[in-house]
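**Q** The sequence and its predicted three-dimensional model are supplied below.
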Number of protein chains: 2
Amino acid sequence: MMNGTDRKMEKASDKVFFSSYASVNIHENMVRDESRTQAYRKAIMQCSDLIKDKVVVDIGCGTGILSCFCAKAGAKRVYAIDASSIIEQAKLVVKENHLEGVVQLISGKAETVDLPEKADILVSEWMGHFLLFEGMLNSVVVARDRFLKKGGLILPSKCTLFVAPMDCKRMYDRRITFWSSTKKTYDLSMECMIPFAKKNLLNSVRREDIPSDTVMDPGQPFYDLDINTVTIEDLNRVEGSFQMTCDRTTNLTGIAVWFDAYFEAPSKDTVVLSTSPFSPRTHWNQAVLYREEGLPVQKGDVIKGSMTITPADRNERHLDVKLSYQVGDGQPEEKIYNTWQTPGPVEMY
Amino acid sequence: MMNGTDRKMEKASDKVFFSSYASVNIHENMVRDESRTQAYRKAIMQCSDLIKDKVVVDIGCGTGILSCFCAKAGAKRVYAIDASSIIEQAKLVVKENHLEGVVQLISGKAETVDLPEKADILVSEWMGHFLLFEGMLNSVVVARDRFLKKGGLILPSKCTLFVAPMDCKRMYDRRITFWSSTKKTYDLSMECMIPFAKKNLLNSVRREDIPSDTVMDPGQPFYDLDINTVTIEDLNRVEGSFQMTCDRTTNLTGIAVWFDAYFEAPSKDTVVLSTSPFSPRTHWNQAVLYREEGLPVQKGDVIKGSMTITPADRNERHLDVKLSYQVGDGQPEEKIYNTWQTPGPVEMY
């Protein structure tokens, strides 16, 4: 339970969160991301028979682009909700596309605003880095329970988190062995910075663009999130197990994590939005959980393990990530990573 | 004068400022910047006859690298002051280089800590983006008046701010005309975002890596900052005038701003640390003040103007920048830019 101080911090983090969406850059970055925006557009447009004459709610509408797609797909009414001042821009986008008869902008939080009617469809682009970082999913779950008719369509409907073992010594060294180079460059020894840099690198979920050749397994799902049924309580502890196989003999230096989002709808092909290192780059990048020391692995070695993701104690928009695994019958390893130093939305271009 | 609320905001901004220096990334970024670190090293080492057996104070010592340079140059004592927890790392760096007999680490703010003796030399790497962004110079000035003997040596001793006219339509268009492209990409018109994107681009000091071919003048100094004599009062209003000449016939689309820092010492060659677009890249980048519309200029046209930089009302670590100029006998133009959306220290590598 939160005490007074925590509640104040929570409010402060909300303020930072919503005001970060008031500037144009973050929206440019999202709209520019064609993997993201085309997946939503395709999913919405192919559902036009399901959307036609129906009521849609868009949670965290930003510039209103998804609401406009839904209106163009034939919705009778779209309620577009956002707590950031970007909603003033969304009003203009709606008007520019002559959709003001359909899209109704609502300034406020999904937790507190009221709608005059229930929605048949809920659309939202709530996914953060590491899927759950930024904690916007909680608002979507609340909105679903408050606004969506029973059995209504949710886009996307499902997300899956993936892991893969990594051979990423180059990436690791870049941040660590740098501190051995100052002896030569500046005639000053700074190797004592290495444990500090390691502590930073090894305790944090690191946001990285992972070169696909560092990934030793195509990616194994360890958690399926069903947005139709997930509860706030479920999100207090996201947990799954995995089994990965190494495709080469090398040292295991990290674990990659990414997500795919699925837009499922009755009698439609599922649209997949993938943020995998094997897919075109998105603004979400991927995450790396680095190991302190490389662990020798053989081609064909099986790594079994589990991951548990919980909201950080002091700020619910941050996460603690507990990773446990063992290679074959080897020593079990366990480590906790946090997102305190993980950058939020970054500019892609 | 600050009221209660302002004082609280000031403290909050201090907290963000100092805690941003607690992580390894920002220090890696600075130490990796060889233009920066080699300039300090060269300036310090060539002054070894002036530093030998003398007392040095290092303001905002970070990892302690500059303090160690001074110790290696022969200082009797170096007081290394920093309010960030990075000072714990500085202690280790000092020890690793067997300089703990010389360098004394002091945790706290330059405004409030006490030294047992006056210093002969003050060294500090206080420069921010746009030279003055981040507002650390005030602390250096206070430290100078509190700790430095009259006539003591300051490294760097002088900084100069430069301007140059730019032909940067490409850079401008990239952020603006994007919003015309969504009609084709997503079949959705978003041109109403253009004024919003313009407002963002045109009211802010923009941090950019300026391609040298967009710069139409080698750079004209408009403000010389003498760190030996500048006062806090002076920094409440930094002001200068300039005269630039266009080297081509094109449209004027922005004004570039950068700084050079000079390490002057008696009977020594001045070491110059340049952050110009014509010099090797540094972690400071350059700044662009964009124009709303391109203004036709002819090769040889003279642009006369002035710039005034003042601390922003609501947060003293931010700046308001007033730019006034006219091409030849043309219409005088005036515009105010702020740093609210200017990123602070960014990772270089």
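**A** Nice, I can see it. If you're wondering where the values come from, they're calculated on a predicted model, not measured in any experiment. Residues are numbered from 1 along each chain as shown, chains lettered A, B, ... in the order given.
**Q** Next up, the contacts around A:Asp213.
**A** The contact partners of A:Asp213, by Cβ atoms under 8 Å, 6 or more residues apart in numbering or on different chains, come to none. The way it works is simple: take the backbone N, C-alpha and C, and place the C-beta from them, glycine included.
**Q** So it lies in a helix, does it not?
**A** Yes: the assignment for A:Asp213 by DSSP: H, G, I helix; E, B strand; the rest coil puts it in a helix.
**Q** Before we move on, what's the pLDDT of it?
**A** Per-residue pLDDT puts A:Asp213 at 97.
**Q** do you know how far it is from A:Gly219?
**A** Computed with Cβ to Cβ, to the nearest Å, the distance linking A:Asp213 and A:Gly219 is 14 Å.
**Q** can you check A:Val297 too?
**A** Counting by Cβ to Cβ, the gap from A:Val297 to A:Gly219 is 17 Å.
**Q** Same check on A:Ser84?
**A** Distance from A:Ser84 to A:Gly219, by Cβ to Cβ: 33 Å.
**Q** Checking A:Thr342 next. Helix, strand or coil?
**A** Assignment for A:Thr342 (three-state DSSP): coil.
**Q** Can you pull the poorly scored residue ranges out of the stretch 51-200 of chain A?
**A** For the stretch 51-200 of chain A, residues meeting the criterion pLDDT under 70 lie at A:135.
**Q** Show me what from it comes close to chain B.
**A** Selection of the stretch 51-200 of chain A residues close to chain B by Cβ under 8 Å from any Cβ of the partner chain yields A:63, A:65, A:68-69, A:72, A:89, A:92-93, A:95-97, A:174-175, A:178-179, A:182, A:185-193, A:196-197, A:200.
**Q** Now the buried members of the residues you listed.
**A** Burial by neighbour count, 16 or more other Cβ atoms under 10 Å in any protein chain shown: within these this picks out A:63, A:65, A:68-69, A:72, A:89, A:92-93, A:96-97, A:175, A:178-179, A:182, A:186, A:188-190, A:192-193, A:196-197, A:200.
**Q** quick one: which of the residues of the stretch 51-200 of chain A next to chain B sit in helices?
**A** A:65, A:68-69, A:72, A:89, A:92-93, A:95-96, A:174-175, A:178-179, A:182, A:185-186, A:193, A:196-197, A:200 (DSSP state H).
**Q** So stretch A:308-323, near chain B or not?
**A** No: for stretch A:308-323, no contact with chain B is found by Cβ under 8 Å from any Cβ; the gap never falls below 13.6 Å.
**Q** would you say A:Ile44 is within a helix?
**A** Yes: counting by three-state DSSP, A:Ile44 is found in a helix.
**Q** Pretty sure it sits against A:Ile51.
**A** Yes: A:Ile44 is within contact range of A:Ile51, at 6.9 Å (criterion: Cβ atoms under 8 Å).
**Q** list residues touching both of those two?
**A** With Cβ under 8 Å, 6+ apart, A:Ile44 and A:Ile51 have common neighbours A:Cys70, A:Ala73.
**Q** mind checking pLDDT for A:Met2?
**A** 33.
**Q** Now find how far off-centre stretch A:258-272 is within its chain.
**A** 16 Å (Cα atoms, centre = their mean, to the nearest Å).
**Q** Could you measure from A:Glu88 over to A:Thr63?
**A** 10 Å.
**Q** whoops, A:Pro116 was the one
**A** 24 Å.
**Q** A:Ile255 too?
**A** 35 Å.
**Q** swap in A:Leu202?
**A** 38 Å.
**Q** residues touching the residue in the stretch 1-150 of chain A that chain B sits nearest to, list them.
**A** Chain B sits closest to A:Leu92 of the stretch 1-150 of chain A, with a gap of 3.8 Å, by Cβ to the nearest Cβ. Contact partners of A:Leu92, counting by Cβ under 8 Å, 6+ apart, are B:Cys192, B:Met193, B:Phe196.
**Q** How about the contacts made by A:Ser180?
**A** A:Met190, A:Glu191, A:Ile194.
**Q** Out of those, the closest to chain B would be?
**A** For the contacts of A:Ser180, the nearest to chain B is A:Met190 (5.6 Å; Cβ to the nearest Cβ).
**Q** Can you read off the backbone torsions of the closest one?
**A** phi -130, psi 30 (degrees, to the nearest 10).
**Q** Would you mind measuring from it to B:Gln104?
**A** Relative to B:Gln104, and taking Cβ to Cβ, A:Met190 is found at 19 Å.
**Q** go on, A:Phe130?
**A** 43 Å.
**Q** more crowded one of these two?
**A** A:Phe130 (25 against 17; other Cβ atoms under 10 Å in any protein chain shown).
**Q** my guess is the more buried one contacts A:Leu319, does it?
**A** Yes: using Cβ under 8 Å, A:Phe130 is in contact with A:Leu319, at 6.9 Å.
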